[in-house]
Structure formats: C-alpha cells, structure tokens
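1. My questions are about this predicted structure, shown below with the sequence.
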Protein chains: 2
Amino acid sequence: MATRDHSIENLIERLNRLPGVGPKTAERLAFHLLRVAADEALGLARAIELARQAVKTCSRCFQLDACDPCAICADATRDQGMLLVVEDPREVARFEDVGYRGLYHVLQGRLSQLEGIRPEDLTTGALVARVAGGAFTEVCLATNPDLEGEGTARVLAEQLAPLGVRVTRLARGLPAGSSIAQVSSSILADAIEGRRPLS
Amino acid sequence: MATRDHSIENLIERLNRLPGVGPKTAERLAFHLLRVAADEALGLARAIELARQAVKTCSRCFQLDACDPCAICADATRDQGMLLVVEDPREVARFEDVGYRGLYHVLQGRLSQLEGIRPEDLTTGALVARVAGGAFTEVCLATNPDLEGEGTARVLAEQLAPLGVRVTRLARGLPAGSSIAQVSSSILADAIEGRRPLS
C-alpha cells in the first residue's frame, strides 16, 4: 500500500499484535482511532502509558498492583493463614468480588506439555518457599477445572505435601442456575462424586 | 474493585470503548498490555499518538493521509476524469490493491433511515460540488451491494443527474471462485440480470 500513510500501517500492525485481533479487526480499530475525537484516541494511548508506569508485579503473590507488596498482601486484616493459588492475575478480581478474604499466589500460567510450560516457567518455586515459611494453614489450589488446570494442581499438591499444610481444591459440580437435564455428563459425574451431606 | 489499581481499571475502560471490544476482551487486552515487554505496550501507545499527529482528512476526497491534498489527489498521473465514490476510507486501499488508477471521493458513511444518517451527515454536498466542477467524465458509485448502499447510490445518482456526467455502479454478480450450486438466490438473480455478451 504505497498510498496509505506509514503511520496508519504502523498503527494497524501494532493493533494486529494484540491477542485475538486479526488484520481486518486491526484495520477497523485503527480507522476508528483515527476518526474519533483526538481526546478519545489519545486517552487510550495515555491509559496504556500510565498503567505501564503505575503497575508492578507484587514480589510476594505476583499479582499486578500499583505497590509492592500489593494492597492485598499488605492488608493485615485479611486471613494470613489462607492462601488461594490462581493461574492468572485477572482471576484475583473474581475471587475478590465474591468476598474471599485470604491471600493469593498467582502462578502466571499453568503447566502444559503441549505449550512446553514447565514448573520453572511459573512461580511455583516462590509458592513452595512461601508455604515452607509456615504461615499458612491451608493452601487452596484454584487452577481451572480442565485438563491442564487439574494437572497443574496435582503437581503442586505433590510439591506441597512434605510441608504438612492442608491442601484443598475448589469444588466441582453443578453450576448454580443450571439444569440437570442439560449439563454435560462430566459435570454431572463431578456432582455425584462430590456430593455432600445435607447439613 | 477496591483492590485493583485505578490505572488498570482506566485502561480496561478505555479499551472497552473500542468497537467490538466487550468488558471481558478489554480485560484480556489490558492484562496482555501489562504483561508484555514495556516496548511492546508503549509502542502501541506511540503508534496511536503518531498516527493522530500525522494523519489528516484530505479536503478534496475526504480520505485519510499524511498530507492535504492526499497523495492520490496530488498524483497528476492518475486518471483525472474518473471518480470512484466509496463509503469508507478503508475501502480506498482495496481498490488500490486491484490497480484502480482514477480518483476517489469518500462519503464517510452511507444513508440510513434506521441510524438517522442523512445526506448532510455525509460528504455528499462536497461530491456534488466537485462533480459540478466539470472535470469528471464518469462517476462510479461504489457503495456496498446491500440495502443501504443501494439506497445511498440511488440518492446520489439523482443529485448527479442534472450535471450530465456518466454515473455508473460496480457490477453485481457471481463472486469469483464461487459455486453456482451454493450462492444465494439474490446473487444468482443479479448474475442473470447483469449478464453480458461474450466478447
């Protein structure tokens, strides 16, 4: 495209590098950013710059926050004996929304033979060291309920076993609001296997 | 989300304003931009800023370029008697790719009763004035082959009729590489109606 300005091509190319953004979407987003009010487009640019300046990785739990240790790790009113291990920093917000009040450890991914992700590519070493410190009474492995999440939880459980801490896993079963007639057989199998006494 | 830094929330909110980017995608993109190398994230911010600085709207044809008049309008080797009227500046690149060598006029949209877009919201006034100048021998209305594109072409054709210029429309018919057994009946109807003598 000799006739299209290189700054437009550069913007399209940069947008195209974002996950899930193909060449056509990148072109659409670029022309949107060129058409809207300048404040709107430059506001996004500034938001990227400010977030990159402000946000650090917490050296204790590896989530992203403006301070290190992060606001959650620094909050002495939280349950210091409970550790929830998640794959992704985005998942922290989900658990906060439902009122979890213990601490976190962000793995920054999950083990995957297919993608060649090994324990040393995650923050597993730091997790074991943290738990070995002896402050936690329970470590809940909140990796996702799929093949790789389960595999990651199993490997972590083996590494944590010698430390004598109580290791748990999030419950699997029927999703709230679902219909037994329509859930998959693996969900139903989980629900039967994990059945609990009515208290 | 009291525990998530406001700069992260601001970035998510800004990304969420992009067309086709919902809250979940915005969150995914934000955390991607926070996780990648700083150069990568800041490169996108810089690309937005540079493109907004560099790119202007051509006062003749209303496409986006670094100069005004744009490189195409300023190119005296192009066919000065041929004008192609398109809806969107992105479409200019498509026609350039297939070797079109005349001039353009970008409507910046199309007429739509549903969305309340009237002729005065587009660059139709400037189009009529340009054509009234008398330089063009042909004006091809290259709006899209759908309801609103056809409607826009009809309104423009009426406005251009008194000027005595030859007004054409892009051919409709079978898409190259398609299978007659599988194309829709409206495509096939176009193909029959628009049939041409074998030369």
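-> Perfect, thanks for sending it.
2. Give the buried residues for the helix or strand of chain A with the lowest mean pLDDT.
-> Across the helices and strands of chain A, mean confidence by mean pLDDT, DSSP states H and E is lowest for helix A:185-193: a mean of 87. Under the neighbour-count criterion of 16 or more other C-beta atoms under 10 Å in any protein chain shown, helix A:185-193 has A:Ile187, A:Asp190, A:Ala191 buried. (Each C-beta comes from the backbone N, C-alpha and C, glycine too.)
3. ok, so of the residues you listed, who is nearest A:Gly173?
-> Comparing the buried residues of helix A:185-193 against A:Gly173 with C-beta to C-beta picks out A:Ala191 as the nearest, at 4.2 Å.
4. thinking again about what came up before, export the buried residues of helix A:185-193 as JSON lines, with columns for distance to chain B.
-> Shown next, in JSON lines, are the buried residues of helix A:185-193 (distance: C-beta to the nearest C-beta, whole Å):
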{"residue": "A:Ile187", "distance to chain B": "22"}
{"residue": "A:Asp190", "distance to chain B": "25"}
{"residue": "A:Ala191", "distance to chain B": "26"}
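5. Which member of the residues you listed is positioned nearest B:His32?
-> Out of the buried residues of helix A:185-193, the member with the shortest distance to B:His32 (by C-beta to C-beta) is A:Ile187, at 30.0 Å.
6. Quick check: that closest one touching A:Leu174?
-> Yes. Counting by C-beta atoms under 8 Å, A:Leu174 is a contact partner of A:Ile187 at 6.5 Å.
7. Report the central residue of chain A.
-> In chain A, the centroid-proximal residue (C-alpha atoms, centre = their mean) is A:Asp88; its distance is 1.5 Å.
8. Show the average pLDDT along the helix or strand harbouring A:Glu40.
-> Per DSSP states H and E: A:Glu40 is located in helix A:38-54. Mean pLDDT, helix A:38-54: 95.
9. what's in contact with the next helix-or-strand element following that helix?
-> Tracing the chain past helix A:38-54, the next element assigned as helix or strand by DSSP H and E is strand A:56-57. Defining contact as C-beta atoms under 8 Å, 6 or more residues apart in numbering or on different chains, one finds that strand A:56-57 is touched by A:Gln63, A:Leu64, A:Asp65, A:Ala66, A:Cys67, A:Asp68.
10. Out of those, grab the one that's most surrounded.
-> Using other C-beta atoms under 10 Å in any protein chain shown as the neighbour criterion, A:Gln63 leads the contacts of strand A:56-57 with 26 neighbours.
11. Report the separation between that residue and B:Leu198.
-> Look at A:Gln63 and B:Leu198: by C-beta to C-beta, to the nearest Å, they are 69 Å apart.
12. ok, now A:Leu50?
-> For A:Leu50, the distance to B:Leu198 - C-beta to C-beta - is 64 Å.
13. For these two, work out which one has more neighbours and name it.
-> More crowded of A:Leu50 and B:Leu198, by other C-beta under 10 Å: A:Leu50, with 17 against 4.
14. What sits closest to the more buried one if chain neighbours are left out?
-> Nearest non-adjacent residue to A:Leu50, counting by C-beta to C-beta, 6 or more residues apart in numbering or on different chains: B:Ser7, 4.9 Å away.
15. Neighbours of that neighbour, how many?
-> Burial measure for B:Ser7: 22 neighbouring residues, criterion other C-beta under 10 Å.
16. again with A:Cys61
-> By the criterion of other C-beta under 10 Å, A:Cys61 has 26 neighbours.
17. residues in contact with A:Phe31?
-> By C-beta under 8 Å, 6+ apart, A:Phe31 lies in contact with B:Leu64, B:Asp88, B:Pro89, B:Arg90.
18. Now intersect those with the helices, please.
-> If you go by DSSP state H, these have B:Pro89, B:Arg90 in helices.
19. Is it possible to get TSV of the contacts of A:Phe31 that adds pLDDT and distance to chain A?
-> As requested, these are arranged in TSV below (pLDDT from 0 to 100; distance: C-beta to the nearest C-beta, whole Å):
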residue	pLDDT	distance to chain A
B:Leu64	93	6
B:Asp88	93	7
B:Pro89	92	6
B:Arg90	91	5
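20. Need the contacts of A:Phe31 in TSV (columns: distance to A:Arg78).
-> Output for those, formatted as TSV (distance: C-beta to C-beta, whole Å):
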residue	distance to A:Arg78
B:Leu64	51
B:Asp88	52
B:Pro89	52
B:Arg90	50
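21. Flag the shaky bits of chain A, pLDDT-wise.
-> Scanning chain A for pLDDT under 70 picks out the ranges A:1-3.
22. which residues of it fall in strands?
-> Remark: strands assigned in chain A by DSSP state E are A:56-57, A:64-65, A:82-86, A:103-106, A:138-141, A:166-169.
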